[in-house]
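Peer 1: my questions are about this predicted structure, shown below with the sequence.
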Amino acid sequence: MIGKWQIAEKQSLVLRDSDNNTIIPSAEEVFISQFKNKHIIRSLNVEKPSDDLESITFSKYPVDLKVVLEPITDNENIYIGANIVVNKKSQEMNVVGSLLDSNIDHIIIENTWYPFVKGAIDEIKQILKEAGVEKLGRISLKQYLFIKKLESPIVIDKLQEVPINKGQYVSNRDTEISSFVGNLYPYQNQGFRWLKMIVNENAGCILADEMGLGKTAQIIAVLASEALHAKDPSLVVAPVSLLENWRREVRKFAPSINVKVHQGSNRTGFYTEFKKYDLVVTSYETILRDLSLFQMLNWNIVVADEAQAIKNPLAKRTKAIKQINRTSTIAVTGTPVENRLVDLWSLTDFVFPGYLGDLKQFQEVFLDELDSAERLEPLVSPIILRRRVKEVAGDLPKRIDIPQVVMLSQEEANMYDSLRMQIIEEYGKQASLVSLIKLKMYCTHPFLQIESQGGDPATFGKYMRLIEILEEIISNNEKVIIFTSYTKMSDILVRDLSNRFGIHCDFIDGRVEVLERQPKIDSFSEVKDSAILVLNPRAAGAGLNITAANHVIHYNLEWNPAIEDQASARAHRRGQTRPVTIHRLFYADTVEDTINDRLERKRDLSEAAVIGTDGRKNDNKDILDALLKSPLA
C-alpha cells in the first residue's frame with residue numbers, strides 16, 4: 001500500500017494510506033526515510049518526505065525541548081505559567097505546548113522539520129507529572145517551586161529575569177479593601193497583592209522588608225481582605241511585648257476586624273471561643289502553653305511576627321508553632337538570616353514545610369559558606385519579599401515614624417502598679433508631673449531605681465525590644481541615635497551595647513563639655529560600619545548635626561513634644577540623604593501611654609508650639625490620667 005507524507009495541524013508529519021488512514025510516524029522513521037532512503041514505513045511504500053513536501057526542508061540536527069516558566073496575564077493579574085518550547089537558537093523559542101498530550105517527537109518550524117532530542121518529551125512529562133501539573137498554562141506557586149528545585153537543564157526559568165519577589169506577578173491597581181482604613185504606599189500595595197497571591201495559593205512566604213517599610217500594615221491589609229470571606233480565623237504570633245502594639249495597629253488600620261488578644265488572664269480554655277473572632281493575637285510562649293488548644297482549629301493564616309524567634313529549628317517554640325494546622329503561612333522578619341543558613345531553613349520549613357528537605361539533608365548540602373548561600377538564594381527567593389529603604393525611597397516620606405507599643409510582663413506590671421499606688425497614697429490630689437518621676441524611671445528601666453548588681457538589662461521588656469530593633473539596624477550596617485533623659489540609663493546603654501554588639505558606642509549628655517561634643521559626633525560619623533550614639537535630649541537635642549545616622553530611637557518619651565521633635569531633628573535635617581526612621585518606645589497602660597497621648601494631642605493643636613509643664617489645667621488632667629492607668633486593669 002502506498003503512503004503519502006502530509007503536514008498535520010500540530011505542525012508535525014503524518015502518513016496517510018490510500019484508504020485515508022492516518023499514521024503518526026516517529027522522528028526516527030522520518031529521519032531514515034529522508035536521509036537513509038528507506039522507502040517502507042510500517043508496511044507502507046513511501047517517497048522521501050521532501051519529495052511529497054517540496055516546501056519543507058529537513059534538518060538532521062535535533063532541537064532542544066524545554067519547559068519554560070514565565071509570567072502569564074489573566075484579567076489584569078499576572079500568574080506563573082508553564083509551557084513547552086523548542087530552542088532553535090540561544091534566544092529564539094517557539095511554543096509547542098500542544099504536543100504534550102501527543103506522542104509526537106518532531107516539529108515543523110518556519111518550513112523546516114526538526115526532530116526532538118531523543119527522550120526529551122518523556123523526561124518533560126515525568127517532571128510535570130511529579131510536580132502535579134496536569135495541563136500547561138497557569139500553575140501554582142508550589143508546582144513552580146517543585147520544578148525549580150529540580151534544577152533540571154531542561155527547565156528555563158524566565159521568572160528569574162523579573163524575580164517574583166519584587167511583586168510583579170500581581171496587579172498594580174490600587175488596594176480596594178472596604179475594611180482597610182488608610183492608604184498604602186505604592187510598594188506596600190504591591191507587597192499586599194503579592195501576599196494575597198501567596199494566600200490565594202494556600203501557600204506560605206517570608207515578608208522580609210527592611211525596618212521602616214510598614215510590614216505590619218501590609219499584613220493587616222491581607223488580614224482585612226481575608227476577614228471579608230474567610231470561614232476560619234487567622235492567628236498572629238508575636239513576642240509578648242508586641243501584642244498590644246498589634247491590637248492597636250489592627251484597630252487603627254482595620255477597626256472592623258474582631259480581634260482577641262489571647263494572653264495571660266485573658267486566655268480562654270475553649271477553642272470554640274476563637275471562632276467568634278476574625279483574628280487572634282498571642283505570644284510564642286502561650287503557643288507552647290496552649291498548643292493543644294490551638295491545634296483544635298484549622299487557622300486561615302498563621303503569621304509569625306519577629307519570626308527570627310523561630311530561627312532555631314530545635315527550639316520548643318519553633319517545633320510548637322509548626323504543629324498548628326493552617327491554610328497559609330507568613331513569617332515576618334527584617335532579618336531572615338542572622339547567623340547561620342539554618343536560620344533560613346527554619347523559617348522556610350515553617351512557611352513551606354519540606355521544601356528544603358529535612359534539617360539533616362539541608363546541613364549536609366548547605367554549609368555556612370558563601371558558595372552555599374549563593375546556591376540557596378535562587379531556591380528561596382520566590383517565597384521571600386525583601387525590599388530595602390533605598391530601593392523604594394521615592395515612595396517614602398523623608399521621615400518614618402514607628403510607634404513601638406510594648407507590654408509590661410506580669411511581674412513588671414505588679415511592680416509598676418505598686419509604685420503607682422504609693423504615689424497616689426503619698427500625693428493624692430497634690431500629685432504633679434514631678435511626682436510621676438518614679439513611674440517614668442521604672443518605665444525606662446528598673447535598674448534606675450533598683451541596684452542591678454551586674455544583672456542583664458535585657459531581662460526588661462522594653463530593653464529587649466530595643467535590642468531587637470538594634471539587631472536589624474546593625475545587620476544593615478546603619479547608624480542609630482538613642483535618646484534617653486537619664487544619666488544612669490545612658491551608662492547602662494553604652495556599657496551593655498558596646499559589649500553586646502562589639503561596635504562603636506558613645507554618649508553625649510551634661511557630663512560632656514560642649515567643646516568635646518563635636519569630636520564625638522565626628523568619630524561617630526567616620527565609623528564605616530554600624531555605630532550607636534546615646535544622647536540626652538536636653539544636652540544634645542538641639543544645635544547638633546548628626547546626619548550620619550538614619551535611625552533615631554526615643555527610648556523614653558518627653559512630656560514636651562518640642563523637646564522630642566528637636567531631638568529627632570538631629571538626624572532628620574537638611575543634608576540628610578536618606579529617609580530617617582523614628583522609633584518611639586513606650587509601655588501600654590502606663591504613664592508613658594499618657595505621655596504619648598499628650599504628645600499626639602499637642603501636635604494636633606500646633607506642630608510648632610512649645611508646650612510647657614507649668615501645672616496648667618491640661619497638665620493636671622494628664623497627671624490624673626497617668627495615675628489612673630494601670631497595666632493590671
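Peer 2: Noted; the coordinates are in hand.
Peer 1: list the contacts for residue 474?
Peer 2: Residues touching residue 474, when contacts are defined by CB atoms under 8 Å, 6 or more residues apart in numbering, comprise 501, 503, 530. Just so you know, the C-beta spots here come from the backbone N, C-alpha and C atoms, and that holds for glycine as well.
Peer 1: who wins for neighbours among those residues?
Peer 2: When the contacts of residue 474 are compared by neighbour count (other CB atoms under 10 Å), residue 530 ends up highest, at 19 neighbours.
Peer 1: OK, contacts around it?
Peer 2: Neighbouring residues of residue 530 by CB under 8 Å, 6+ apart: 473-474, 476-480, 501, 503-504.
Peer 1: how about it: what's its closest non-neighbour residue?
Peer 2: Take residue 530 and drop its neighbours on the chain: the residue closest to it by CB to CB, 6 or more residues apart in numbering is residue 474, 4.3 Å away.
Peer 1: so for the host helix or strand of the one you found, mean pLDDT?
Peer 2: With secondary structure defined by DSSP states H and E, residue 474 is part of helix 461-475. When pLDDT is averaged along helix 461-475, the result is 93.
Peer 1: using CSV, write out every CA atom in it.
Peer 2: What follows is the C-alpha trace of helix 461-475 in CSV, where atoms were taken according to Å, rounded to 0.1, in the frame of the first residue of the first chain:
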residue,chain,number,x,y,z
GLY,A,461,10.7,44.0,78.2
LYS,A,462,11.3,47.5,76.6
TYR,A,463,15.1,46.9,76.6
MET,A,464,14.6,43.6,74.9
ARG,A,465,12.6,45.3,72.2
LEU,A,466,15.4,47.9,71.9
ILE,A,467,17.8,45.0,71.3
GLU,A,468,15.6,43.5,68.6
ILE,A,469,15.4,46.9,66.8
LEU,A,470,19.2,47.4,67.0
GLU,A,471,19.9,43.9,65.7
GLU,A,472,18.2,44.8,62.4
ILE,A,473,19.8,48.2,62.2
ILE,A,474,23.2,46.8,62.8
SER,A,475,22.7,43.9,60.4
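Peer 1: next step: the contacts of residue 530 restricted to helices.
Peer 2: The subset of these located in helices under the criterion DSSP state H comprises 473-474, 501.
Peer 1: what pLDDT does residue 607 get?
Peer 2: Model confidence at residue 607, expressed as pLDDT, equals 41.
Peer 1: repeat that for the one 4 residues further on.
Peer 2: Reported pLDDT at residue 611 in the predicted model: 37.
Peer 1: now do residue 508
Peer 2: pLDDT, residue 508: 93.
Peer 1: find the nearest non-adjacent residue to it, please.
Peer 2: What sits nearest to residue 508 in space, not counting adjacent residues and going by CB to CB, 6+ apart, is residue 540, at 4.2 Å.
Peer 1: thinking again about what came up before, tabulate the ones in helices among the contacts of residue 530 (a markdown table), appending distance to residue 357.
Peer 2: Formatted as a markdown table, those follow (distance: CB to CB, whole Å):
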| residue | distance to residue 357 |
| --- | --- |
| 473 | 33 |
| 474 | 31 |
| 501 | 34 |
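Peer 1: downstream neighbour of the helix or strand bottoming out on mean pLDDT in the chain in the secondary structure list?
Peer 2: Lowest by mean pLDDT, DSSP states H and E among the helices and strands of the chain is strand 92-95, with a mean of 62. Proceeding N to C from strand 92-95, the next assigned helix or strand is strand 106-109, under DSSP H and E.
Peer 1: partners of that next one, with directions?
Peer 2: Next to strand 106-109 in the sheet, as set by DSSP bridges, lie strand 112-115 (antiparallel).
Peer 1: residue ranges for the helices of the stretch 51-200 of the chain, please.
Peer 2: Secondary structure of the stretch 51-200 of the chain (DSSP state H, counting those that start in this stretch): helices located at 120-130, 141-149, 186-200.
Peer 1: so where's the stretch 451-600 of the chain uncertain?
Peer 2: 451-454, 541-543 (pLDDT under 70).
Peer 1: let me redo that: the stretch 1-150 of the chain
Peer 2: Residues of the stretch 1-150 of the chain meeting the criterion pLDDT under 70: 10, 73-78, 87-102.
Peer 1: okay, buried residues for stretch 228-238 please.
Peer 2: Of the residues in stretch 228-238, those buried by neighbour count under the rule 16 or more other CB atoms under 10 Å are 230, 232-238.
Peer 1: how long is it from one end to the other?
Peer 2: Criterion CA to CA, to the nearest Å; first-to-last residue distance in stretch 228-238 is 23 Å.
Peer 1: ditto for stretch 565-581
Peer 2: Start to finish, the residues bounding stretch 565-581 are 13 Å apart (CA to CA).
Peer 1: do stretch 557-566 as well
Peer 2: Here stretch 557-566 reaches across 13 Å from its first residue to its last, counting by CA to CA.
Peer 1: now it, how far from the centre of its chain.
Peer 2: For stretch 557-566, the separation from the chain centroid amounts to 32 Å (computed by CA atoms, centre = their mean, to the nearest Å).
Peer 1: and this structure, what are its domains?
Peer 2: 3-58, 64-162, 165-395, 399-628 (automatic domain parsing).
Peer 1: tally of neighbours for the residue nearest to residue 487 when sequence neighbours are not counted?
Peer 2: Leaving out its chain neighbours, the residue that sits closest to residue 487 by CB to CB, 6+ apart is residue 509, at 5.9 Å. In terms of burial, residue 509 registers 20 neighbours under the definition other CB under 10 Å.
Peer 1: and residue 64, by the same measure?
Peer 2: As a burial measure, residue 64 scores 16 neighbours (other CB under 10 Å).
Peer 1: name whatever forms a beta bridge with it.
Peer 2: On the basis of DSSP bridges, residue 64 takes part in beta bridges with residue 87.
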